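A.B. asks: just the structure for this:
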Amino acid sequence: MAITIRSPAKSLPLAGLLLLLLLGACGAEQATRQILPAGTAVLAFGDSITHGTGAGSGQDYPARLAELTGWQVINAGIPGDMARDAAARIGPALARHDPELVIIELGGNDFLRQRPAGAVKEDLRRIADAARDHGAEVMLVAVPRLSLARATLGALADSPIYAELAAEEGLLLYPDGLSDVLSDASLRADRIHPNAQGYAQFAAGLGRFLQDIGLAARR
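C.D. replies: The predicted structure is shown next:
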């Protein structure tokens, strides 16, 4: 009985071939990403959530992340900061700290002031571009567009601008972490800030994500 061996290129539909190419590209990217060793300078760039409003000293997420990774995580969070204002301070922060990784958590204050989502997205793009031009890897933290109804139901969802920007610019994206924490009343200090437990949960999830994508060592 003859057995015919078909070429994968001829037997797979076009969609399947495209999927294989995509998976191969992702695998290659993962393979070339190197773990950032202990002591690496990482810039946590954001607003009051990065600052740690709602928790005590040393309970902010950058401090927790430093404990989990061994990195030197610089807390560059300013309460009340908007993305358009933060764009003016990213340059000096990069020059001062020279980070290998910049974690951007911004947009919540812009949403509270009902700025157009497209304008917020472009401000975030400017910040990410500045960080990449400096030579740093960039990660966006997706922020929920706060909704009283969704908060009451415990069902906050990320604003879509973060996934869009990450796809357009090839940036790392940590999705759902903030939305999950701020959807749980037991993890909030108020409607818009985590408490100490919430920051710990956020940092733990972020730490696992960084391990999974090959930037942080498993400890």
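
A.B. asks: from now on I want contacts and neighbour counts done on CA atoms only, so please keep to that.
C.D. replies: Will do.

A.B. asks: quick one: the strands in the chain, in order.
C.D. replies: 41-46, 72-77, 101-105, 137-141, 172-174 (DSSP state E).

A.B. asks: pLDDT weak spots in the chain?
C.D. replies: Where the chain drops to pLDDT under 70, the residues are 1-32, 147-154.

A.B. asks: please redo it, this time with the cut-off set to 50
C.D. replies: Within the chain, the segments meeting pLDDT under 50 span 1-31, 149, 152.

A.B. asks: quick one: the helices in it?
C.D. replies: 8-11, 14-32, 48-51, 61-69, 83-86, 90-97, 108-112, 117-134, 148-153, 161-169, 177-182, 196-212 (DSSP state H).

A.B. asks: looking at those, which is nearest to A38?
C.D. replies: Taking CA to CA, helix 61-69 is the member of those nearest to A38, at 6.8 Å.

A.B. asks: got the angle for the closest one vs strand 41-46?
C.D. replies: Put simply, helix 61-69 runs at 150 degrees to strand 41-46, going by axes from the mean of the first three to the mean of the last three CA atoms, to 10 degrees.

A.B. asks: mind listing what's buried in helix 61-69?
C.D. replies: For helix 61-69, a neighbour-count test (16 or more other CA atoms under 10 Å) marks Y61, P62, A63, R64, L65, A66, L68, T69 as buried.

A.B. asks: contacts for stretch 43-63?
C.D. replies: For stretch 43-63, contacts defined as CA atoms under 8 Å, 6 or more residues apart in numbering pick out 64, 73-82, 86, 97, 99, 101-106, 188-190, 193-196, 199-200, 202-203.

A.B. asks: now stretch 209-219
C.D. replies: Q30, R33, Q34, I35, L36, P37, L68, T69, Y174, G207.

A.B. asks: how about a cut-off of 6 Å?
C.D. replies: I35, L36 (CA atoms under 6 Å, 6 or more residues apart in numbering).

A.B. asks: buried sites along stretch 107-115?
C.D. replies: Buried, per 16+ other CA under 10 Å, within stretch 107-115: G107, G108, N109, D110, F111.

A.B. asks: what's the answer for stretch 71-91, then?
C.D. replies: 71-78, 81-84, 86-87, 90.

A.B. asks: ok, now which ones touch the residue nearest to the spatial centre of the chain?
C.D. replies: Nearest to the mean C-alpha position of the chain, by CA atoms, centre = their mean, lies V141 at 2.7 Å. Residues in contact with V141 (CA under 6 Å, 6+ apart) are I104, E105, Y174.

A.B. asks: identify the residues contacting the second one.
C.D. replies: In other words, E105. With CA under 6 Å, 6+ apart, E105 has these contacts: G46, V141.

A.B. asks: let's see 8 Å
C.D. replies: Going by CA under 8 Å, 6+ apart, E105 touches A44, F45, G46, D47, I49, T50, L140, V141, A142, V143.

A.B. asks: ok, and the closest non-adjacent residue to P79?
C.D. replies: Distance criterion CA to CA, 6 or more residues apart in numbering; nearest residue to P79, sequence neighbours excluded, is S48 at 3.7 Å.
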